[in-house]
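Engineer: Okay, sequence plus prediction incoming.
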Amino acid sequence: MQQEIIKIFDTTLRDGEQSPGASMNTEEKIQIAVQLERLGVDIIEAGFAAASPGDFDAISKIAQRVTHSTVCSLARAIDSDVKAAGEAIRQAKLKRVHTFIATSPIHMEHKLKMTPDEVIKRAVRAVQYARTFADDVEFSCEDAGRSDIVFLKEITDAVIEAGAGTINLPDTVGFRLPFEIGRMVKEMSDYTKDRAIISVHNHNDLGLGVANSLESIINGARQVECTINGLGERAGNAALEEIVMALKIRSDIFGAFKTNINTKEIYPSSRLIATITGIEPQPNKAIVGKNAFAHESGIHQDGMLKNKSTYEIIRPEDIGLDLEDTLVLGKHSGRAAFKDKLSKLGFTLGGEELESAFERFKELADKKKEIYDDDIRALITSQMTNIKKAYELVAMQLMDSTGGVPSAAVTIRHDDHEITDAGIGDGTIDAVFKTIDRITGYQGRLLDYRVKSVSQGKDALANVTVKVTFNDNEPAMIGHGLSLDTMLASARAYIGALNSYLSMEGMLKFRHTDSTETI
Ligand code: KIV
Ligand code: ZN
């Protein structure tokens, strides 16, 4: 049977990044884009170029790096946005500009303060201008879920005529039920026929993002926009892994369709995003949650031992989760075994990168008896985030706080010399962070602090994620620290956030203020 392709448009780096606390630095975004390409997504929405020079820079670096997936930037229907998007993706082998304007009465009246005719004019102009940068242009009718279908058809005709090849119908506020979305998609795809591809972009406010996406496919959508782990604004976007696995597992219903996703890369992608953003999927999250393949009750375990198909509809190995092979290496493992493990986990390191990863692995293996896949992932992810390190932790000593004043002595390397200082705080972490502030001269304000054990055992690695602001007028920075010692991991995370801030400082100063429109 001839199967139709459902294009997977991943917006983890754009809508996903709009998730509170999920901001990523350029290096992290590049790593994610490379993994998304390995996963096989058709289109990577790499960011919103006009949002800041930092976003622009990340998109253009991704455009240079990615070769198989289309690289896309979002742009409001404003000349300056479209120009920024077009220039950011300029070097991509396959490129797309994605422009949008709101089409619902509520948005046009209260947010845009524009008439429907003015909205159509702006949309047409944006699409025509976008076509001067890329042949592939997508137009989104923001809040299509609450828009009038007659107006949707009118604006669709106009933007197709102007050169848009994909028409996206977002349920921006996650309001619609599956049968309503299905009806809208059917009417719009019957109307546009082969003049454009109909795409959907479903938010999860009522927990229906994935159901709405599947219903859309049945009704004619040939592109779905989604994110890894369902990351995204508010309650998030439809989760890529759930859509893709539903299509695969329920081939009895969806047999006419296929995606280009290599499902074995789903789990590695999920882990990478969780490690970088510090946002773990809930344990019972479908497909990638910690408990998604755990069988707790005796009856279920008995059934599983007799025949896995009694309680298992998805094989863990189909998403790249190797339950039998999670205990990996120890201190006697050699370079070849390490390299083999890396390639199984989807990392391709060579030369110096491999050497330094191997050294770090050996250091860890000296202290930690058993090293698991998640340890290796965390180790490599933290190494690959190689933003320029203005400050580096050299040593740290904590004074016992039992009954006394918590205090810390810290040594940091900066500009080839080492600076040591000591300080006190309201608690040990406060003492460490205040001492780092004294040394660096930057005053960080801690907005969030999370610690997670990477794998298992009393000697598990601690992965600390901090969210810190160094200037209340600028976005907060995320820092990660990895160590067998939680306090050391905390200090590394805090310094990591400062290094990210310094690497973006110049860029953050500049922000576009030419429009009151927001996304
Ligand atoms: O939710 C939404 O409407 C969006 C658009 C900008 C595509 O994210
Ligand atoms: Zn969205």
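Structural biologist: That came through fine. Ligands and ions are numbered 1, 2, ... in the order given.

Engineer: Which elements pack onto the helix or strand harbouring residue 430?
Structural biologist: Element membership for residue 430 (DSSP states H and E) is helix 428-440. When contacts are defined as 3 or more Cβ pairs under 8 Å, 6 or more residues apart in numbering; DSSP states H and E, helix 428-440 sits against strand 391-399, strand 407-414, strand 417-424, helix 486-508. The way it works is simple: take the backbone N, C-alpha and C, and place the C-beta from them, glycine included.

Engineer: by how many degrees do the third one and strand 407-414 diverge?
Structural biologist: It refers to strand 417-424. Here strand 417-424 runs at an angle of 160 degrees relative to strand 407-414 (axes from the mean of the first three to the mean of the last three Cα atoms, to 10 degrees).

Engineer: list the helices and strands strand 417-424 packs on?
Structural biologist: Here strand 417-424 touches strand 407-414, helix 428-440, going by 3+ Cβ pairs under 8 Å, 6+ apart.

Engineer: do the same with the first one
Structural biologist: Here strand 391-399 is seen to pack against strand 407-414, helix 428-440, helix 486-508 when contacts are counted using 3+ Cβ pairs under 8 Å, 6+ apart.

Engineer: With the second one instead?
Structural biologist: Strand 407-414 makes packing contacts with strand 391-399, strand 417-424, helix 428-440 when contacts are defined by 3+ Cβ pairs under 8 Å, 6+ apart.

Engineer: contacts for the second one?
Structural biologist: By Cβ atoms under 8 Å, 6 or more residues apart in numbering, the surrounding residues in contact with strand 417-424 are 394-395, 405-413, 431, 434-435, 438-439.

Engineer: and ligand 1, which of the residues you listed reach it?
Structural biologist: When contact is defined as Cβ under 6 Å from any ligand atom, the contacts of strand 417-424 do not meet ligand 1 at all.

Engineer: quick revisit: next, the buried residues of the helix holding residue 430.
Structural biologist: The neighbour-count check on helix 428-440 (16 or more other Cβ atoms under 10 Å) flags 428, 429, 431, 432, 433, 434, 435, 436, 437, 439, 440 as buried.

Engineer: still on that earlier bit, what's the closest of the contacts of strand 417-424 to ligand 1?
Structural biologist: If you rank the contacts of strand 417-424 by distance to ligand 1 using Cβ to the nearest ligand atom, residue 434 comes first, at 39.7 Å.

Engineer: you'd agree the closest one is up against residue 425?
Structural biologist: Yes. Residue 434 is within contact range of residue 425, at 4.9 Å (criterion: Cβ atoms under 8 Å).

Engineer: Output the set of residues of the stretch 51-200 of the chain in proximity to ligand 1.
Structural biologist: Residues of the stretch 51-200 of the chain lying close to ligand 1 by Cβ under 6 Å from any ligand atom are 100, 140, 142, 168, 170, 172.

Engineer: hmm, who's touching the next helix or strand after the helix holding residue 430?
Structural biologist: With elements assigned by DSSP H and E, the helix or strand that comes after helix 428-440 is strand 445-453. With contacts defined as Cβ under 8 Å, 6+ apart, strand 445-453 is touched by 21, 278, 280, 429, 433, 460-470, 472, 476, 486, 489-490, 494.

Engineer: Now do strand 445-453 against helix 428-440, angle only.
Structural biologist: Angle between the axes of strand 445-453 and helix 428-440 is 120 degrees (criterion: the same axes, to 10 degrees).

Engineer: Strand 445-453 - what's its average pLDDT?
Structural biologist: Per-residue pLDDT over strand 445-453 has a mean of 88.

Engineer: Pull out the buried residues from that strand.
Structural biologist: 451, 452.

Engineer: Tell me the strands beside that strand, with direction?
Structural biologist: Strand 445-453 has its sheet partners listed here by DSSP bridges as strand 462-469 (antiparallel).

Engineer: Export only the CA atoms of the partner strand, formatted as CSV.
Structural biologist: This file holds the C-alpha atoms of strand 462-469, laid out as CSV (Å, rounded to 0.1, in the frame of the first residue of the first chain):
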residue,chain,number,x,y,z
ALA,A,462,23.8,14.6,41.5
ASN,A,463,22.5,16.8,38.6
VAL,A,464,21.7,20.2,39.9
THR,A,465,19.8,22.8,37.8
VAL,A,466,19.6,26.4,38.8
LYS,A,467,17.7,29.3,37.4
VAL,A,468,19.4,32.6,38.2
THR,A,469,19.0,36.2,37.1
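
Engineer: who's in contact with that strand?
Structural biologist: By Cβ under 8 Å, 6+ apart, the residues outside strand 462-469 that reach it are 21, 275, 278, 378, 444-454, 475-486, 489-490, 492-494, 496-498, 501.

Engineer: Please indicate which of the contacts of strand 445-453 are buried?
Structural biologist: Among the contacts of strand 445-453, those classed as buried by 16+ other Cβ under 10 Å are 278, 280, 429, 433, 460-470, 476, 486, 489-490, 494.

Engineer: Go ahead and confirm residue 254 touches residue 224.
Structural biologist: No. With contact defined as Cβ under 8 Å, residue 254 and residue 224 do not form a contacting pair (12.0 Å).
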